[in-house]
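1. Provide a 3D model corresponding to the input given below.
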Amino acid sequence: MAARTAATPPATATAPVTMVLGEEEFLVERTVRGLVAAACGAGQARDVRDLDASGLGPGELDSLTSPSLFGGGCVLVVRSAQNASKDVTAELTRYLASPPGDVVLIMTHAGGPRGKDLLAAARAAGATVIECPKVTRFAERLDFVRAEFRRAGRRADDAAARALLDAVGSDLRELAAACDQLAADTDERVDEAMVARYFRGRAEATGFTVADRAVEGQLAAALEQLRWALATGVSPVLICSALAQGVRLLGRVGAAPRGTPVAQLAAQAGAPPWKIDRVRQQLRGWHPDGIAEALRAVAEADAQVKGEAASAGYALERAVRRIAAARASR
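-> Next comes the predicted model:
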């Protein structure tokens with residue numbers, strides 16, 4: 001069995017059976033497209049059949065993989081293989097034991113306990129497994145951005161990757177498109193200044209920027225960024241979440257014993273080391289009582305933006321004012 005991740009460069013030849021495993025929809029879809037393109041490349045005329053496993057009935061697999069009168073074989077994409085019926089799972093398992101040479105079978109599987117027997121059978125039969133695990137942590141998204149630039153033949157420093165995440169957000173599809181745009185429009189190394197030029201306004205109006213200005217006591221700048229963020233469509237819930245994260249990090253880092261290593265704090269707080277360094281700088285001017293007041297402000301704002309207040313924008317503005325005021329309180 002050949003196991004790879006979705007970040008692995010696509011193969012020039014497609015295996016007879018490939019299982020694309022994972023819940024990251026963008027990576028799964030892009031991997032399937034690449035496999036189909038590879039199977040149909042090099043002048044091979046293949047019939048592509050793409051369907052969901054839940055729609056497969058007993059006996060259909062044989063008809064879908066039977067030789068065509070015109071030759072050339074086929075590419076069969078079976079999506080969400082974990083949803084196949086018991087009979088279809090048995091047929092797929094038998095197929096895996098002896099796949100025909102003129103058919104390329106590509107299955108997707110979300111992982112988890114459902115359909116685990118089919119997944120085990122694919123592994124046992126030596127199928128290629130390409131893993132597309134869910135990208136959830138900041139460090140993983142940072143790795144994704146770096147990998148996207150490498151795919152495009154460009155290099156980007158860490159500051160540029162972080163700036164792009166701040167500007168675009170966590171959606172992998174949007175991040176990939178942004179990396180493609182930057183890579184296509186420059187022959188140079190991508191840096192933070194270049195990201196700012198392309199995404200000015202958007203990069204400066206995220207919830208995290210609002211939170212940073214608020215906890216730093218820069219009330220005017222925080223309100224300006226808040227209003228711009230709301231005007232450009234940033235969700236009030238996401239802005240409130242960023243405010244909460246910023247204040248919670250103040251509390252966690254501020255309560256840590258003096259001299260605690262940055263790496264240890266980062267692991268405990270679930271934040272990258274560079275963020276811990278920034279929070280340590282932001283802590284200047286804060287008192288524990290002020291942090292407690294800021295936490296109450298974001299807790300109230302969270303309830304208000306989720307339905308308790310008539311205006312989410314007003315609730316957020318009030319929270320920003322209270323956070324900035326709490327910084328100077330004793």
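
2. Return the distance of the strand or helix carrying residue 213 from the chain's centre.
-> Element membership for residue 213 (DSSP states H and E) is helix 207-215. Distance of helix 207-215 from its chain centroid, counting by Cα atoms, centre = their mean, to the nearest Å, is 22 Å.

3. swap in stretch 49-63?
-> 31 Å.

4. per-residue confidence averaged over that stretch?
-> Average pLDDT, stretch 49-63: 91.

5. got the buried residues for it?
-> Neighbour-count burial for stretch 49-63 flags 53, 56, 61 (criterion: 16 or more other Cβ atoms under 10 Å). C-beta coordinates here come from the backbone N, C-alpha and C atoms, glycine included.

6. contact partners of that stretch?
-> For stretch 49-63, contacts defined as Cβ atoms under 8 Å, 6 or more residues apart in numbering pick out 64, 74-85, 87-88, 91-92, 95, 107.

7. Can I have the buried ones of the residues you listed as a ChimeraX selection?
-> Selection of the buried residues among these in ChimeraX, burial being defined by 16+ other Cβ under 10 Å:
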select :64,74,75,76,77,78,79,80,81,82,83,84,88,91,92,95,107
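
8. all strands of the chain, in order?
-> Applying DSSP state E to the chain gives strands spanning 3-5, 17-21, 47-52, 74-79, 103-109, 128-131.

9. Determine which of those strands approaches residue 157 most closely.
-> Minimum separation from residue 157 across the strands of the chain (Cβ to Cβ) falls at strand 3-5, 23.3 Å.

10. So for that closest one, mean pLDDT?
-> Across strand 3-5, pLDDT averages out at 60.

11. Same check on stretch 239-258?
-> The model assigns stretch 239-258 a mean pLDDT of 90.

12. how much distance is there from that stretch to the middle of the chain?
-> When C-alpha coordinates are averaged (Cα atoms, centre = their mean), stretch 239-258 and its chain have centres 23 Å apart.

13. Could you list the alpha-carbon positions for that stretch in PDB?
-> Taking C-alpha atoms only, stretch 239-258 is exported to PDB below (Å, rounded to 0.1, in the frame of the first residue of the first chain):
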ATOM      1  CA  ILE A 239     -15.200  39.400  15.500                       C
ATOM      2  CA  CYS A 240     -16.600  38.600  18.900                       C
ATOM      3  CA  SER A 241     -14.700  35.300  18.900                       C
ATOM      4  CA  ALA A 242     -11.500  37.100  18.100                       C
ATOM      5  CA  LEU A 243     -12.100  39.600  20.900                       C
ATOM      6  CA  ALA A 244     -12.700  36.700  23.300                       C
ATOM      7  CA  GLN A 245      -9.600  34.900  22.200                       C
ATOM      8  CA  GLY A 246      -7.500  38.000  22.600                       C
ATOM      9  CA  VAL A 247      -8.700  38.700  26.100                       C
ATOM     10  CA  ARG A 248      -8.400  35.000  27.200                       C
ATOM     11  CA  LEU A 249      -4.800  34.900  26.000                       C
ATOM     12  CA  LEU A 250      -4.100  38.000  28.100                       C
ATOM     13  CA  GLY A 251      -5.400  36.100  31.100                       C
ATOM     14  CA  ARG A 252      -3.500  32.800  30.300                       C
ATOM     15  CA  VAL A 253      -0.200  34.400  29.500                       C
ATOM     16  CA  GLY A 254      -0.500  36.900  32.400                       C
ATOM     17  CA  ALA A 255      -1.200  34.200  34.900                       C
ATOM     18  CA  ALA A 256       1.800  32.000  33.900                       C
ATOM     19  CA  PRO A 257       4.800  32.000  36.200                       C
ATOM     20  CA  ARG A 258       7.500  34.500  35.200                       C
END
